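[1] with the sequence up front, the predicted model follows.
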Amino acid sequence: MQEMNPNYKNYKFLAGIWKNNDGSFTADLTVPENITVTYNGASLTRSFILTQTSTMTLSGTGGFMGMAMMMASSSGMVSKRYDDEDMQLGLEGSILKDGDKELYRINECWHTYNDYLCFKLTDLATNNVIDIRLIRAGKEQVATAPAGKYQCACGTYFDSKFCPNCGAQRKEEATFQCECGYNGPMSRFCPNCGKLVTAQTSSAADQEIEKRQILQHGWTESDGPGLYKLIFKDNCLKIYVIHYSNGIPMDLYKSTEYSFDPDSNGINMVVNGFKNTDHDIEEFAVYPKEWKLEDENNKTHFAIVKIWYGFGTLHMDLANWGNPNCFTVDLKMDDSVKIADPEAEPKAGWTCDNCGATNQTEDKCSECGADIIKEQLFGISEYATCMPPRQESLFVYRIDDKKLLVVRNKQRFFITADVIEPAMEIIRKYEIDKWEQYKDKMTGLMGGCQYVSYFDGEKMVGTSTNNMPGVGGAYNELMMLFTAQSKRVE
C-alpha cells in the first residue's frame, strides 16, 4: 500500500522499445522504472529515476542560473542541459558490459520534446564520446485525416459510406482528435498513445458505459498481503477490507451502488476535502453511495473517499475515521477475487452427528431436527463501558481432529486444530489454569471487563480481569491466535 509515484504517467509514456536507425542500439523501458540497454554486444539492466526539466537551461551555477537550479530542485525538477530536453533519466555512470568486460559508460540520457530518446556514451577502450538518438520501434508517422474525412485501410480519404478506391465499407463513421495529435476513427482508446477516449469524442452516456465496462472486474491490493478487495458488477460495488486493530483483524464489508458524480454520496465535510484531490494519472473517479466501512457492530473505521482509475490501474482513497488523514491503496485487476456476503448462506458451522448435515448454525439440525452437539474448547469475551459501549465475544468449538469452528460475534469460520496447544500455552503463561488461587482477591476494575475460559477436560473454567490482572494479556494473545488469517481453512 503506497502512494502512486507522481511521475508514473511519464514512466508510462516512455515505456516501450526504442532503437537507432541501424538497430545496433536498443533501449527497452518498462513500467514502473526499469530499463534494458543493449549496444554492440554489451548490455545493462537496471532501474532509473525519471525527472522533468525546468524551463531554464543550465549554463552556470552562479547568479540567476544558480537560483534557477535551486528553484528547479525544490520543485522536483532539474535544469535543462539541452534546449529540446524535457526529461532526464538518471543513468549517469552506468556501465554496459559484455559478460565481465566493461565496454561503455553512460554519461547522459534524456528525452526530447519531439519524442527522441538520447544517449551520450563513452567508449571505455578509446575514450571516444558517442552520441546516439533513438526513436520508438515500429512508430509510424501519425496520419491526420482532413476535416470530415475517413481514412480507409488502402490509404484513401473519403466521406461516403464506401471507399471510392477499393470499395471497402466504412467501418467507423465517427472520428476523434486526440491530444497527442492523432485524428482518425473513434475507438475506446487512442491507437497512438493509448489514452481513454473522453468527453471530446463521445457523449456523456457513452462515456459512463465505457467507464463501467473498464471497472467490471475483481481488484485486489497491488503490493501487499491482500487486505483490500473490490468487485464491480453492473452498478454494484463490493468492498472487503481486513483491518487490524491492536494486532487483531476484523472484517469490514460494504455492498453498495456507485456513481461518477462526486456529489452523489453526501460524504461529510470532515473528509470532503480529500474527495476533490486530483492525482496526476487520474482519468476518472467513482463514488460509493454508502461510503462508511463499518464492522459488524456498526462502528465506522474508514471513509471511502473515492475510487479512481488511471493508465490501467485502480486506486482507492481511504480516510481514517476519527483521525481524518487520507491514504491511497493501489489495486490490480484480479478476476479470481471473491467476496462472500456476510448475510448469505453460512460457509461454516457445526456438523450434525445424526444425519451428517454440515454448516449448521442453530441448536437443532435444519435437515433432521436432531440436537446439534457443540464441543466448546475456549471462550473469550470483553465488555467496555465506552461510548458507545463495546462488546466482543469469541468461542472455539471442535469439529474434528483437524478443524475447529470459531464463532466471533456474528461471524463463523474454520481454523486449523493445531492452535489448541499454543492456546493452552497462553493459558498457562498467564496462569489462567490457576484461576482458583486468585478467586476473590481483586475487587474489579472500572471501565469494563475481559473474560477467558477453557475446557479443562471435564468442564469449561476460567476467570476475568475482575479477579486476575493477567487475563487482559491472555485475552489479547488468544484473540490474535484464533483470528490469524494464516490459520483459516475452508
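    It's in. Residues are numbered from 1 along each chain as shown.
[2] got the confidence number for the nearest residue to Phe302 once chain neighbours are set aside?
    The shortest distance from Phe302 to any non-neighbouring residue, by Cβ to Cβ, 6 or more residues apart in numbering, is to Leu293 (4.2 Å). C-beta: built from backbone N, CA, C; applies to glycine. pLDDT for Leu293: 88.
[3] how many neighbours does Leu293 have?
    20 (other Cβ atoms under 10 Å).
[4] got it, and the one 3 residues further on?
    Using other Cβ under 10 Å, Glu296 has 14 neighbouring residues.
[5] ok, now which ones touch it?
    Residues near Glu296 by Cβ atoms under 8 Å, 6 or more residues apart in numbering: 251, 342, 409-411.
[6] swap in Asp371?
    Applying Cβ under 8 Å, 6+ apart to Asp371 gives the contacts 363-365.
[7] parallel or antiparallel, which strands does the helix or strand where Ile106 lies pair with?
    Counting by DSSP states H and E, the element that carries Ile106 is strand 101-112. Using DSSP bridges, the strands paired with strand 101-112 are strand 85-89 (antiparallel), strand 95-98 (antiparallel), strand 117-123 (antiparallel).
[8] distance of the residue nearest to Phe302 from Thr51?
    According to Cβ to Cβ, to the nearest Å, Leu293 and Thr51 sit 37 Å apart.
[9] also Ile95?
    For Ile95, the distance to Thr51 equals 21 Å [Cβ to Cβ].
[10] of the two, who's got more company?
    Counted by other Cβ under 10 Å, Ile95 and Thr51 do not tie: Thr51 has more neighbours, with 18 against 13.
[11] who does the more buried one form a beta bridge with?
    Taking DSSP bridges as the rule, Thr51 bridges to Gln88.
[12] residue numbering should commence at 5 henceforth.
    With the count now opening at 5, the last piece we talked about shows up as Thr55.
[13] could you measure from it over to Val41?
    From Thr55 to Val41 the distance is 18 Å (Cβ to Cβ).
[14] stretch 375-386 - what's its average pLDDT?
    93.
[15] where does it sit relative to the chain's centre, distance-wise?
    38 Å (Cα atoms, centre = their mean, to the nearest Å).
[16] could you do stretch 463-475 as well?
    Using Cα atoms, centre = their mean, the mean C-alpha position of stretch 463-475 is found 42 Å from that of the whole chain.
[17] which element follows whichever strand or helix holds Phe399 toward the C-terminus?
    Assigned by DSSP H and E, Phe399 falls within strand 394-402. Next helix or strand after strand 394-402 toward the C-terminus (DSSP H and E): strand 407-412.
[18] regarding Arg50, what is its secondary structure?
    At Arg50 the chain is in strand, as set by DSSP: H, G, I helix; E, B strand; the rest coil.
[19] cool, Arg216 as well?
    helix.
[20] and the gap between it and Lys242?
    Distance, Arg216 to Lys242, using Cβ to Cβ: 15 Å.
[21] for these two, indicate the residue with more neighbours.
    Neighbours were counted for Arg216 and for Lys242 using other Cβ under 10 Å; Lys242 has more, 19 against 15.
[22] please, where are all the helices along the stretch 205-354 of the chain?
    Counting by DSSP state H, counting those that start in this stretch, the stretch 205-354 of the chain has helices at residues 208-219, 273-279.
[23] mean pLDDT lowest where, among these?
    Per-stretch mean pLDDT for the helices of the stretch 205-354 of the chain is lowest at helix 273-279 (a mean of 54).
[24] export stretch 433-446 as CSV, just CAs?
    This file holds the C-alpha atoms of stretch 433-446, laid out as CSV (Å, rounded to 0.1, in the frame of the first residue of the first chain):
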residue,chain,number,x,y,z
LYS,A,433,1.7,-18.4,30.6
TYR,A,434,-0.9,-16.1,32.3
GLU,A,435,-1.8,-18.7,35.0
ILE,A,436,-5.4,-18.8,33.9
ASP,A,437,-5.2,-22.5,34.9
LYS,A,438,-4.6,-21.4,38.5
TRP,A,439,-7.7,-19.3,38.5
GLU,A,440,-9.0,-20.7,41.8
GLN,A,441,-5.9,-19.4,43.6
TYR,A,442,-6.8,-15.8,42.5
LYS,A,443,-10.6,-16.1,43.2
ASP,A,444,-12.0,-13.1,45.1
LYS,A,445,-8.6,-11.5,45.5
MET,A,446,-9.5,-8.4,43.4
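[25] please state the offset of that stretch from the chain centre?
    That offset, for stretch 433-446, works out to 47 Å (Cα atoms, centre = their mean).
[26] contacts for that stretch, please.
    Counting by Cβ under 8 Å, 6+ apart, stretch 433-446 makes contact with 430-431, 456, 458, 460, 465-467, 470-475, 477-478, 481, all of which sit outside it.
[27] if we can go back for a sec, relative to Val333, how far out is the residue nearest to Phe306?
    To Val333, Leu297 is 12 Å away according to Cβ to Cβ.
[28] same question for Ile430.
    Distance of Ile430 to Val333, given as Cβ to Cβ: 33 Å.
[29] which of the two has more neighbours?
    Here Ile430 and Val333 are compared on neighbour count by other Cβ under 10 Å; more neighbours surround Val333, at 23 against 20.
[30] hang on, the more buried one packs against Trp223?
    No. Between Val333 and Trp223 there is no contact under Cβ atoms under 8 Å: 9.8 Å.
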